[in-house]
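Enquirer: With the input below, show me the fold.
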Amino acid sequence: MNSPGSDFPVGSPAYHRIDRILHELRAISANSDTAGRARIEAVERELSSMLTSAAPTFTPLVDWLEVYRRIIRERGLSLSTLQNREAILRRLETTMGRAFTGAIRPYDLAQFVRGYVERDNLHAARHARTTLIDIFSEAVSDGVIDHNPALSLRRIAAPVRRSRLTLDLWRAAYEHAAQYAPWMQRAMELALVAVQRRSDIAAIQFDHVRGEFLHIEQKKTGVRLRLHLGIRLDVLGLTIGDVLERCAAGTDGAHLIRHNDTRGKVKAGAPVHPQTLSNRFGEIMRKISPSPAGVAPSFHEQRSLGARLYQAQGRQPQSLLGHKRSATTEMYLDSRGTEWVEVR
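Expert: So this is what the prediction gives:
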């Protein structure tokens, strides 16, 4: 008769139950009377019940992750979110894919998250923690395990690395941007007045304007916005429509933010890549920002500045930003100590 440890981990509850049942069977083998047969039937029922309840617990993690992939594909998540989640799943398969799902301890998951922390990738560590909680929560829902081992993982406080962009610093950067191609100033105007992400700014085309509205489908979240061309940012004295008219001047092209002339492989009229927007803005910040390298405001910080400026003029920026949760908007409205609080 096989050892009970051949199929189940030594020391597990299932191991001890099987061990006890095997002792029962050995005792029964020497007794074939009516009472013995009754005992055999009772043991068979217990064994059947034990196997039915224990089998999911011993599902290899790699098998459960395949099920989890199907679950998240049905949630309608954005492509970038699915790609980020997939990177974590692959690393999880590499580190503990062969382990039984029910045998994974909070300590094992804490070590997994620590790997990100040790590489100074705290944002990824926070995302990994959230993903682990979701993975094992779904496993509980499917009856694979009884308890979620990821719930006890400590929260990771990722420090704020980027400085907030102030209006004065933005104006200085805007003047400096005149030394670059004209599209740089147009991109900055659009980023501040329309308060969209760099990927959406770079993707806007003239035919996205229909009637009195600019139509934007946000690449990160899939949120679909119709921004009225009359939306006005008072401190700049510009509406979205005004910025679009400025973008129309110069070289022909389908995109609002496009190259003005041909340089190397880049043709005049071709759309400016989102990373190019960040790179050029970063160059400007390194020249004019008092913040040290790596902390100076990024191109994306114009989205926060625009939101704060709209709030100051009395417009609630949540719908402009395309946020579903007000808590997300509040993060953008946090000036991180860069602005004075006026008290009268």
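Enquirer: Every contact and neighbour count from this point should use C-alpha atoms.
Expert: Will do.
Enquirer: Now do the closest residue to Val117 other than its chain neighbours against Leu109, distance only.
Expert: Take Val117 and drop its neighbours on the chain: the residue closest to it by C-alpha to C-alpha, 6 or more residues apart in numbering is Ala125, 6.0 Å away. Here Ala125 is placed at a distance of 11 Å from Leu109 (C-alpha to C-alpha, to the nearest Å).
Enquirer: and those two? which has more neighbours close in?
Expert: Per other C-alpha atoms under 10 Å, whichever of Ala125 and Leu109 has more neighbours is Ala125, with 24 against 20.
Enquirer: Isn't the more buried one up against Arg119?
Expert: No. In terms of C-alpha atoms under 8 Å, Ala125 does not count as a neighbour of Arg119; the distance is 9.5 Å.
Enquirer: Quick check: closest non-adjacent residue to Phe281.
Expert: Excluding the flanking residues, the one nearest Phe281 by C-alpha to C-alpha, 6+ apart is Phe299, at 5.9 Å.
Enquirer: separation between the one you found and Gln196?
Expert: 11 Å.
Enquirer: do the same with Arg119
Expert: For Arg119, the distance to Gln196 equals 31 Å [C-alpha to C-alpha].
Enquirer: More neighbours: which of these two?
Expert: Using other C-alpha under 10 Å, the more surrounded residue of Arg119 and Gln196 is Gln196, with 23 against 10.
Enquirer: how much space is there between Arg224 and Gln318?
Expert: 14 Å.
Enquirer: whoops, His273 was the one
Expert: Distance, His273 to Gln318, by C-alpha to C-alpha: 26 Å.
Enquirer: Repeat that for Tyr174.
Expert: To Gln318, Tyr174 is 25 Å away according to C-alpha to C-alpha.
Enquirer: One more: Gly250?
Expert: For Gly250, the distance to Gln318 - C-alpha to C-alpha - is 33 Å.
Enquirer: How about Pro60?
Expert: Per C-alpha to C-alpha, Pro60 is found 43 Å from Gln318.
Enquirer: Quick check: buried residues in the helix or strand harbouring Val140?
Expert: In the assignment (DSSP states H and E), Val140 maps to helix 122-141. Residues 122, 124-129, 131-139 are the ones in helix 122-141 that count as buried (16 or more other C-alpha atoms under 10 Å).
Enquirer: Likewise for stretch 82-100?
Expert: 85, 88-89, 92, 96-97, 100.
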